[in-house]
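In: When you get a sec, could you give me coordinates for this:
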Amino acid sequence: MKRLLCFLVALALSACSGQTTQLSSYELPRSVDVTFSALLPQDTPAGEQIFLVLLDDVTGLALNTQPIAMHSTGEQSVSLKISIPQGSLLKYRYMRQGVAGSANEAAANGTAIEFRAFYVDGPGHVAHDMVAAWTDMHMQQETGQVSGQLTGADGSPLADMVVVAAGLQTRTDPEGQFVLPGLLQGLHNVLAYSPNGSQRTFQQGALVAAHSDTPATIEVQPSSLASVTFWLTPPADHTAGTPVFLTGNLDNLAARPLMISQADGRYGLILQLPTGVDIRYKYTLGDGLWNAEHLSDGSFLLRQLIIPDGTSELEIHDQAVSWSAGSAAPIWFELQAPGDNLLAYVQFKLGDWSTPLPTWPLGPGHWAYRLNSPTNFAQTLEYRYCLDPACTVVDSAGIRSVEGNQPQLQEIRDVVAGWQSE
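Out: Below is the predicted model of the structure:
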């Protein structure tokens, strides 16, 4: 439960991480009890442990997971009660663990579930879920669907709203229409939220029958905006003037706005943000994974902000503890390339290519980037250089690589002979 509180709060006095640094001046709304109750597939092996896995979509859904053991409430049912700040929008999924290994839940067609969503809008709520299948087991099942339209308070259709039910998700089209097929027969929680926070989160139950459509007309309310000033005190070993970004789960935060360096060593940023919406964010020298802030024990820090309704202005003072994770040393990348290009980017690959990160200019055709974290990976880290944030023009030498988990600083000095279109 301490790990859960660290993930959800990640603020106040962090006894969870064994440190006493005050991470933020902001205090979350009071926590309320929420029960998660899940029916399991009939072929779930007996005796295996079922987990509710809380997810972090700022760091990455597969990266900073927080599994919490659930309790059996029947032959094929489990339950868990946890305390969550009111106003939170949780993203989660179910997992089972046995002697042979672990498996995440899957949809009725066998595809892996990315995330479920539940909005904590009051105390005593119960999330009733049905796990359709596991990724290592699949059986044919009958399903139905939910379809409908999302409109604003003035009746106008809302495009690009995310609609989630039973771990399946879609976005509304320009007319506000959506269809969610592949739902098991039974009661499902249907949740809709705005990726940019312009609309309030909405959820309601929908009863689905096999081979039929359940219509849903959803009206959502607009969010009000507040002017929020972020003040960041960087880690003690931070190099003054190094670019610091803020990143988060809303569209304007995902764009990683650049903070402004102050004469006193702090960084500041003023943003217009929606009230009453669950905002997750962190500070970083890169993105949500690379060079993001960590606690003193090396774990990721995910901050949470729920601006009270009626707020017009808010000032938040945050303290970053470290840009590093674990004992592995940083990696210094230095690049020289022909031409008078003003910008260059480095892109890392661990599994998939991640967000291209802007390097630091040292002079004409000369850039550098210090990767502080994570560098404690066992496998080889692949990377490449680009001239644009979409990496459509890349280093003609192709993909380069470097070994991770080294005890001493690695200094990589690369020369780009030319650039080519991807």
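In: make it CA atoms for all contacts and neighbour counts henceforth
Out: Fine.
In: show me where the stretch 201-350 of the chain has strands.
Out: 202-208, 213-219, 225-233, 245-248, 260-261, 267-274, 278-284, 303-306, 313-319, 331-336, 345-350 (DSSP state E, counting those that start in this stretch).
In: Which of the ones you listed sits closest to Gln406?
Out: Gln406 lies closest, by CA to CA, to one member of those: strand 331-336, at 9.0 Å.
In: Redo the strands of the stretch 201-350 of the chain as a markdown table? Include mean neighbour count.
Out: Shown next, in a markdown table, are the strands of the stretch 201-350 of the chain (neighbours: other CA atoms under 10 Å):
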| stretch | mean neighbour count |
| --- | --- |
| strand 202-208 | 17 |
| strand 213-219 | 16 |
| strand 225-233 | 19 |
| strand 245-248 | 24 |
| strand 260-261 | 17 |
| strand 267-274 | 19 |
| strand 278-284 | 23 |
| strand 303-306 | 21 |
| strand 313-319 | 16 |
| strand 331-336 | 19 |
| strand 345-350 | 19 |
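In: Any chance of CSV for the ones you listed, columns mean pLDDT and distance to Cys386?
Out: Below are the strands of the stretch 201-350 of the chain laid out as CSV (pLDDT from 0 to 100; distance: least, CA to CA, whole Å):
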stretch, mean pLDDT, distance to Cys386
strand 202-208, 93, 41
strand 213-219, 93, 44
strand 225-233, 98, 30
strand 245-248, 98, 20
strand 260-261, 96, 25
strand 267-274, 98, 28
strand 278-284, 97, 20
strand 303-306, 97, 31
strand 313-319, 97, 32
strand 331-336, 96, 11
strand 345-350, 92, 5
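In: Take the ones you listed and lay them out in TSV including distance to His125.
Out: Shown next, in TSV, are the strands of the stretch 201-350 of the chain (distance: least, CA to CA, whole Å):
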stretch	distance to His125
strand 202-208	12
strand 213-219	21
strand 225-233	28
strand 245-248	27
strand 260-261	42
strand 267-274	24
strand 278-284	17
strand 303-306	19
strand 313-319	30
strand 331-336	47
strand 345-350	39
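In: which stretch among those comes nearest Gln97?
Out: Minimum separation from Gln97 across the strands of the stretch 201-350 of the chain (CA to CA) falls at strand 345-350, 24.8 Å.
In: and that closest one, what does it pack onto?
Out: Here strand 345-350 touches strand 357-358, strand 380-386, going by 3 or more CA pairs under 8 Å, 6 or more residues apart in numbering; DSSP states H and E.
In: how deep is Asp297 tucked in, by neighbour count?
Out: Look at Asp297: counted by other CA atoms under 10 Å, it has 14 neighbours.
In: I'd guessed it sits against Ser327; true?
Out: No: counting by CA atoms under 8 Å, Asp297 stays clear of Ser327, with 10.0 Å between them.
In: hang on, the earlier thing: Gly186 is nearest to which of the strands of the stretch 201-350 of the chain?
Out: Nearest to Gly186 among the strands of the stretch 201-350 of the chain is strand 202-208 (5.2 Å), distances taken as CA to CA.
In: For this protein, just list every one of the helices.
Out: Assigned helices in the chain, in chain order: 2-8, 251-254 (criterion: DSSP state H).
In: mind checking how far Leu285 is from Pro235?
Out: To Pro235, Leu285 is 12 Å away according to CA to CA, to the nearest Å.
In: Give me the common contacts of those two.
Out: Trp323 (CA atoms under 8 Å, 6 or more residues apart in numbering).
In: more neighbours, the two?
Out: Leu285 (26 against 15).
In: Point out the most buried one among the helices and strands packed on strand 345-350.
Out: strand 357-358 (a mean of 21; mean count of other CA atoms under 10 Å).
In: How about residues contacting that one?
Out: 286-287, 343-347, 389.
In: can you tell me which two in the residues you listed are farthest apart?
Out: Maximum distance among those (CA to CA): 17.3 Å, for Asp287 and Leu343.
In: neighbour count winner among those two?
Out: Neighbours were tallied for Asp287 and for Leu343 using other CA under 10 Å; the higher tally belongs to Asp287 (25 against 17).
In: Quick check, that one in contact with Thr355.
Out: Yes: with contact defined as CA under 8 Å, Asp287 counts as touching Thr355 (7.1 Å).
In: hang on, the earlier thing: kindly reformat the helices and strands packed on strand 345-350 as JSON lines containing distance to Leu39 and mean pLDDT.
Out: Formatted as JSON lines, the helices and strands packed on strand 345-350 follow (distance: least, CA to CA, whole Å; pLDDT from 0 to 100):
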{"stretch": "strand 357-358", "distance to Leu39": "43", "mean pLDDT": "94"}
{"stretch": "strand 380-386", "distance to Leu39": "40", "mean pLDDT": "94"}
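In: how many neighbours does Thr355 have?
Out: 19.
In: meant to ask about Ala390, not that
Out: 12.
In: One more: Val99?
Out: Counted by other CA under 10 Å, the residues lying close to Val99 total 8.
In: Likewise for Gly418?
Out: Every residue meeting other CA under 10 Å relative to Gly418 is counted, giving 12.
In: Wait, it touches Ser396, no?
Out: Yes: if you go by CA under 8 Å, Gly418 and Ser396 touch, sitting 5.5 Å apart.
In: center of this protein, which residue is that?
Out: The structure's the chain has its C-alpha centroid closest to Asp57; by CA atoms, centre = their mean the separation is 1.3 Å.
In: so what pLDDT did that residue get?
Out: Looking at Asp57, its pLDDT stands at 94.
In: Kindly report the same for the one 4 residues further on.
Out: We have a pLDDT of 92 for Leu61.
In: which residues touch the residue nearest to Ala112 when sequence neighbours are not counted?
Out: Take Ala112 and drop its neighbours on the chain: the residue closest to it by CA to CA, 6 or more residues apart in numbering is Ala106, 4.3 Å away. Contacts for Ala106 (CA under 8 Å, 6+ apart) come out as 112-113, 131-135.
In: what's the distance between Gln42 and Met130?
Out: Distance from Gln42 to Met130, by CA to CA: 11 Å.
In: Tell me which of those two has more neighbours.
Out: The neighbour count for Gln42 versus Met130, taken as other CA under 10 Å, is higher for Met130 (21 against 14).
In: Provide the partner residues of the closest residue to that one other than its chain neighbours in its beta bridges.
Out: What sits nearest to Met130 in space, not counting adjacent residues and going by CA to CA, 6+ apart, is Leu39, at 4.8 Å. Using DSSP bridges, the beta-bridge partners of Leu39 come out as Ser77, Met130.
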